[in-house]
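Visitor: Task: produce atomic coordinates for the following.
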Amino acid sequence: MNFPWGNHQRYYSYSNYIRKFFSGRTQKLSIDAGFACPNRDGTKGVGGCLYCNNASFKPDYCQPELSVTQQLKRGMTFFSKNKKPDQFLAYFQAYSNTYDRVDRLEQLFLEALHVEGVVGLVISTRADCLEDEKLDLLKEISQKHYVSIEIGIESCNEETLRFLNRCCSFKEVQETVQRISQKGIQIGAHLIVGLPDEDETTILNHADIISQLPVNTLKVHQLQIISNTQLAQLYKKHPDSFNVLTLGEYINLLMKFLEMLNPAIAVERFSSQSPKDLLIQPMWGMKNYEITRILDAKLKTENTWQGRNFQCRN
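Guide: I've put the predicted structure just below:
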């Protein structure tokens, strides 16, 4: 069976997407440039989102006391131990990476692009940290280099976002995504599956809503309850109020999610793997690639694929 993305894979993978821009192997290199967050410094809130602990996903080479150049070169050394990638994307990952003055953003982004082997930027941020002047800067950079802005959506449900202390509404996300699209910049989105009080119907509705947005790539992963977060404190007090998904439940939900997802949206990730010493739940004991393999097998067994039940509403 042939699919719209041009091979026999039953979903539009990030590797297929990125090959539209680059030949050979392209590797992201995470950067912690020391940014803050308006949900931590009191501008919009304090304490951050209930689930947030950046230590749960940041590689060892990614340290804010090092310069952008130093972090990138350490990352290149790390990924060159086996098969060396052909080119790299500088991934500004930790906290809100457009939450600063435009002149400092320009300095950091251009420093990354001046490192040999770096061919583009991926910038993780919040929808409320992208004023027009920042988008104008990124549009200018995108005329010569690959640029993708990764927006943390997490949930399309306003009540869930309030519970999470997100301090950024889904309405703001929708408006910002449209503004980014009008600048001609690539858009990534991030979604968490299994948040408290979100059942299967709610999660599948997320797939439908996101499918109508001008999003190019999507990261989706299970809710992880991480040590040293407010969510972990709530789980300790009221564990019965959390519906922690089993791996089988999650795979079934992912399959249904994919069936509803716009086939034009590339899926970059299906799961997240936090360090064992930080992870409280779910304890699946599986690596990300193993979960992807299980999902692949499920899609084949059920003879289904991404976009099978997609409905365009625009």
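
Visitor: list the buried ones in stretch 127-143?
Guide: For stretch 127-143, the neighbour count (16 or more other CB atoms under 10 Å) marks 127-130, 134-135, 137-138, 141-142 as buried. Any C-beta I mention is one placed from the backbone N, CA and C, and that applies to glycine too.

Visitor: ditto for stretch 294-304
Guide: 294-295, 298-299, 304.

Visitor: just the buried residues of stretch 127-143 now: which is nearest Met1?
Guide: Nearest to Met1 out of these is Ser142 (CB to CB; 35.0 Å).

Visitor: Asp86 - how many residues pack around it?
Guide: As a burial measure, Asp86 scores 13 neighbours (other CB atoms under 10 Å).

Visitor: Verify the stated contact: it with Met76.
Guide: No. Asp86 sits out of contact with Met76 when judged by CB atoms under 8 Å, with a separation of 11.8 Å.

Visitor: ok, which stretches of the stretch 201-314 of the chain are strands?
Guide: 217-222, 225-226, 266-269, 279-281 (DSSP state E, counting those that start in this stretch).

Visitor: And Pro196, how far from Pro239?
Guide: Pro196 sits at a distance of 11 Å from Pro239 (criterion: CB to CB, to the nearest Å).

Visitor: Neighbour count for these two, which is higher?
Guide: The neighbour comparison of Pro196 against Pro239 (other CB under 10 Å) goes to Pro196, with 16 against 12.

Visitor: confidence score at the more buried one?
Guide: According to the prediction, Pro196 has pLDDT 89.

Visitor: What does it show for phi and psi?
Guide: The phi/psi pair for Pro196 (degrees, to the nearest 10) reads phi -50, psi 140.

Visitor: and it, what does it touch?
Guide: 160, 163, 241-243 (CB atoms under 8 Å, 6 or more residues apart in numbering).

Visitor: Please narrow these to those residing in helices.
Guide: Within the contacts of Pro196, residues falling in helices by DSSP state H are 160, 163.

Visitor: can I get the contacts of Pro196 in CSV with distance to Glu154?
Guide: As requested, these are arranged in CSV below (distance: CB to CB, whole Å):
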residue, distance to Glu154
Thr160, 8
Phe163, 11
Ser241, 19
Phe242, 16
Asn243, 17
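
Visitor: Can you show me the helices along the stretch 101-250 of the chain?
Guide: 102-113, 132-142, 158-163, 170-182, 200-211, 230-237, 247-260 (DSSP state H, counting those that start in this stretch).

Visitor: Which one of the contacts of Pro196 is nearest to Gln182?
Guide: Thr160 (27.5 Å).

Visitor: Mean pLDDT lowest where, among the helices of the stretch 101-250 of the chain?
Guide: The minimum mean pLDDT among these belongs to helix 230-237 (a mean of 90).

Visitor: Now do the buried residues in that helix.
Guide: Within helix 230-237, the residues that qualify as buried by neighbour count (16+ other CB under 10 Å) are 230-232, 234-235.

Visitor: From those, pick the one nearest Cys312.
Guide: Nearest to Cys312 among the buried residues of helix 230-237, with distances taken as CB to CB, is Leu231, at 35.1 Å.

Visitor: hang on, that closest one packs against Leu50?
Guide: Yes. Applying CB under 8 Å as the test, Leu231 and Leu50 come out as touching, 4.3 Å apart.
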